[in-house]
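> Predicted model and sequence follow; I will ask about them next.
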Amino acid sequence: MLHQIRKMVGLVIAIMRGCTKETTIRRAWGPEKLDLPIAPALGLMLEEVHYDRYNKRYGGDGLHEPLTWEEKQDIIQSFKEKHIYPTILETEKNDKSMLTWMENLPLHTYDVREPGPPTADEAEHCDIAAEQEHVSCNELQGQDCEQETLVKANPGEETYEVLPHASIEAQKQSV
């Protein structure tokens, strides 16, 4: 369930851009892990919290008031326009996270993930954990390290580097 919304958004964008077919949605609900793009978190925002069950059960009982936002819509909209949207735009302008992510959409297979090196988000976790614990990512495999990059300890040194998936495959073949 980690990054579930970001995976859903990422898959829909990939379908709309022609990177995969709509049938990938049905496959994504299956038991196999698919190589799906995880949309950047920047710009994803919960638009409104709904308390429909609470309001139905308690909202009209005479003791409780329904939890609704109609009276606050102007304040909410003003806050988003003044603080949220400018921050999103400025961050994207500087970091280009969505632009970079969209350039990488065609690199995903949208198919069953092969067991192997960790994926990008998990490699970052491996990098941090390896630096803190002075162990290689291979030793962290049981701790959420399933990414396309791998952290490798340099023999005899206290340093670590992130190797691209292609470099890892080349090293495996040369051994």
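Arrived safely, thanks for sending.

> Can you tell me the closest non-neighbouring residue to residue 67?
Counting by C-beta to C-beta, 6 or more residues apart in numbering, the nearest residue to residue 67 once its immediate chain neighbours are dropped is residue 51, at 4.1 Å. All C-beta spots, glycine's among them, are computed from the backbone N, C-alpha and C.

> Tell me the pLDDT of the one you found.
Residue 51 carries a pLDDT score of 95 in this model.

> So it is in contact with residue 69, correct?
No: at 9.6 Å, residue 51 does not count as touching residue 69 under the criterion of C-beta atoms under 8 Å.

> returning to that earlier point: can you report how many residues lie near the residue nearest to residue 67?
Using other C-beta atoms under 10 Å, residue 51 has 14 other residues around it.

> swap in the one 3 residues further on?
Summarising burial for residue 54: neighbours were counted as other C-beta under 10 Å, giving 12.

> got it, and residue 10?
Neighbours of residue 10 (other C-beta under 10 Å): 21.

> so how far is residue 62 from it?
Distance, residue 10 to residue 62, using C-beta to C-beta, to the nearest Å: 46 Å.

> Check residue 6 too.
Distance from residue 6 to residue 62, by C-beta to C-beta: 42 Å.

> between those two, which one's more packed in?
Set residue 6 next to residue 62 and count neighbours by other C-beta under 10 Å: residue 6 wins out with 17 against 6.

> The more buried one belongs to a helix?
Yes: the assignment for residue 6 is a helix, going by DSSP: H, G, I helix; E, B strand; the rest coil.

> do you know how far it is from residue 84?
Distance, residue 6 to residue 84, using C-beta to C-beta: 18 Å.

> This protein: strands as residue ranges?
Here the chain has its strands, by DSSP state E, at 150-153, 160-163.

> State the mean pLDDT of the last one.
Translated: strand 160-163. Here strand 160-163 scores 43 as its mean pLDDT.

> Count the residues that sit near the closest residue to residue 88 other than its chain neighbours.
Once flanking residues are discounted, residue 88 sits nearest to residue 43: 5.1 Å by C-beta to C-beta, 6+ apart. Residue 43 has 15 neighbours, counted by other C-beta under 10 Å.
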